[in-house]
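Enquirer: model this:
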Amino acid sequence: MNAHSKIAFSRQPTDRPVAADVRAGLLQDPGFGKVFTDHMVTIRWSQARGWHDGMIGARAPVQLDPAAAVLHYGQEIFEGLKAYNRADGSIALFRAEQNARRFNASAARMAMPELPETTFLQAVDELVKIDSAWIPKGDGALYLRPFMFATEAFLGVRPSHEYLFMVIASSVGSYFKGGEKPVTVWLSDRYTRAAEGGTGAAKCGGNYAASLLAQAEAIENGCDQVVFLDAAEHRWVEELGGMNIFFVMSDGSLLTPPLGTILPGITRDSILTLARKEGRTVREERYPIEQWRADAASGKLKEAFACGTAAVVASIGKIKSGKGDIVMGDGATGPVTAAIKARLVGIQRGDVADEFGWVRRIG
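Expert: Got it, this is the predicted structure:
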């Protein structure tokens, strides 16, 4: 299959979809990642046949051999994107092409087969169409999780010869339990998420597994998320456990850590584009934790926020650490953070003109 071909999907719709009244109840307050839709997409890959056996069927457990390579050597990657109900009644995806490209970049880093971008988009589109009734009304969205993992049954350290690509969907509301209020973040000076030459720029499960102990430490200290420093000097701010980070300076400029050991976030890239379009000075450069502390104390740093597909934009009100807290401004959501989020969400939902061609309508 070449990069522009389409795969033929067989369809086996579930004969027991969730009743409309039950679904409506689940969508009242879906939270994040707990309410799943009726269907899923599966496509298989083998060294002999390439991509084959595309299917849209009822969501069901996956049967794996105990020797499946993913269970022993961790060959697994994933993506995350959302489908939105828009003001005109249509459904749209936001920059899904970038998710398809990043998925393949992750696959290349993890020695896995690349999936044609058209097939990635086709799989996502088809699942959204068949499960569109699961998109919550109001501020909710349908969170889509494309992922791929090694399925060959063998015990040996080499890339698998068989893989399964899947897409599942979840009805979601706010990512953080507190809703729109600023989050509190724990500074991890003990654990690191990624190192130079590692897999920090790939969206693979192992990166997130490595962050969980630090995240548990954050929760123990009453925080919503954890922020990591670099692995070499434990000095340079990198990213949160699942999001990129931005700093808003007193002159209105933005600063964000450079790519390399961090995930190239699609929301991150969108914010950079919007800020530059507005004429803001934007710097992608290293930022030491001691400078963060000093700039917050002096007032040079006015705001900080995290960004990613799940939360979109989340204001950071306070950093907790073993060496004392860092408070951003007055601890409330700042005007620059609020304006960036409003414009980004407005484009996603059709309330603000999409001058960049980021929105892709379905159906």
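
Enquirer: Go ahead and confirm Gly80 touches Thr309.
Expert: Yes. Contact between Gly80 and Thr309 holds when scored by Cβ atoms under 8 Å: they sit 4.7 Å apart. Every C-beta, even on glycine, is put in place using the N, C-alpha and C of the backbone.

Enquirer: When these two are compared, which one has more neighbours?
Expert: Shown here are Gly80 and Thr309; by other Cβ atoms under 10 Å, Thr309 has more neighbours (21 against 18).

Enquirer: tell me the contacts of that one?
Expert: Thr309 is in contact with Gly80, Leu81, Lys82, Tyr143, Gly265, Ile266, Thr267, counting by Cβ atoms under 8 Å, 6 or more residues apart in numbering.

Enquirer: biggest separation within those residues, which pair?
Expert: Maximum pairwise distance among the contacts of Thr309 (Cβ to Cβ): 15.6 Å, between Tyr143 and Gly265.

Enquirer: related to what we said a few turns ago, now the contacts of Thr309 in a markdown table, with distance to Leu26 and secondary structure?
Expert: Formatted as a markdown table, those follow (distance: Cβ to Cβ, whole Å; DSSP: H, G, I helix; E, B strand; the rest coil):
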| residue | distance to Leu26 | secondary structure |
| --- | --- | --- |
| Gly80 | 20 | coil |
| Leu81 | 21 | strand |
| Lys82 | 18 | strand |
| Tyr143 | 14 | strand |
| Gly265 | 29 | coil |
| Ile266 | 28 | helix |
| Thr267 | 26 | helix |
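
Enquirer: Turn those into CSV, including pLDDT.
Expert: Shown next, in CSV, are the contacts of Thr309 (pLDDT from 0 to 100):
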residue, pLDDT
Gly80, 97
Leu81, 97
Lys82, 97
Tyr143, 97
Gly265, 97
Ile266, 97
Thr267, 97
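
Enquirer: sorry, back to before: name the residues contacting each of Gly80 and Thr309.
Expert: Common contact partners of Gly80 and Thr309 (Cβ under 8 Å, 6+ apart): Tyr143.

Enquirer: And the helices in the chain?
Expert: Secondary structure of the chain by DSSP state H: the helices cover 20-26, 69-73, 96-109, 117-130, 205-220, 266-277, 289-298, 335-349.

Enquirer: mind showing which ranges of the stretch 1-150 of the chain have poor pLDDT?
Expert: 1-5 (pLDDT under 70).

Enquirer: now the stretch 151-300 of the chain
Expert: Filtered on pLDDT under 70, the stretch 151-300 of the chain yields the residue ranges 177-179.

Enquirer: Tell me the buried residues in stretch 222-242?
Expert: Applying a neighbour-count criterion of 16 or more other Cβ atoms under 10 Å, the buried positions in stretch 222-242 are 223-231, 236-242.

Enquirer: What of stretch 101-117?
Expert: Neighbour-count burial for stretch 101-117, counted by 16+ other Cβ under 10 Å, picks out 101-104, 106-107, 109-110, 112-117.

Enquirer: which one of those residues is nearest Met55?
Expert: Distances from Met55 to these, taken by Cβ to Cβ, are shortest for Leu115, at 15.0 Å.

Enquirer: how many other residues sit next to Ser10?
Expert: Neighbours of Ser10 using other Cβ under 10 Å come to 10.

Enquirer: go on, Ala214?
Expert: The number of residues packed near Ala214 is 21, by other Cβ under 10 Å.

Enquirer: what do you get for the one 5 residues further on?
Expert: With neighbours defined by other Cβ under 10 Å, the count for Ile219 comes to 12.

Enquirer: just use 294 as the starting number from now, easier for me
Expert: Got it, first residue is 294 now, which makes that one Ile512.

Enquirer: ok now do it, which residues does it touch?
Expert: No contacts exist for Ile512 under Cβ under 8 Å, 6+ apart.

Enquirer: Kindly report the same for the one 10 residues further on.
Expert: Taking Cβ under 8 Å, 6+ apart as the criterion, Leu522 is in contact with Leu480, Ser481, Asp482, Thr485, Arg528, Trp529, Val530, Glu531, Ile582.

Enquirer: shouldn't Glu489 be in contact with Trp529?
Expert: No. With contact defined as Cβ under 8 Å, Glu489 does not reach Trp529; the gap is 11.3 Å.

Enquirer: Just send the contacts of Thr602 back as CSV, with distance to Pro475 too.
Expert: Below are the contacts of Thr602 laid out as CSV (distance: Cβ to Cβ, whole Å):
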residue, distance to Pro475
Gly373, 23
Leu374, 25
Lys375, 22
Tyr436, 23
Gly558, 20
Ile559, 23
Thr560, 18
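
Enquirer: between the residues you listed, which is nearest Ala607?
Expert: Comparing the contacts of Thr602 against Ala607 with Cβ to Cβ picks out Thr560 as the nearest, at 10.6 Å.

Enquirer: Just give the closest residue to that closest one, not the sequence neighbours.
Expert: Cys600 (4.4 Å; Cβ to Cβ, 6 or more residues apart in numbering).

Enquirer: So the one you found is in contact with Ile559, correct?
Expert: No. In this structure, Cys600 is not within contact of Ile559 by Cβ under 8 Å, at 9.5 Å.

Enquirer: Looking at the buried residues of stretch 515-535, which two lie furthest apart in space?
Expert: Asp517 and Ala524 (23.2 Å).
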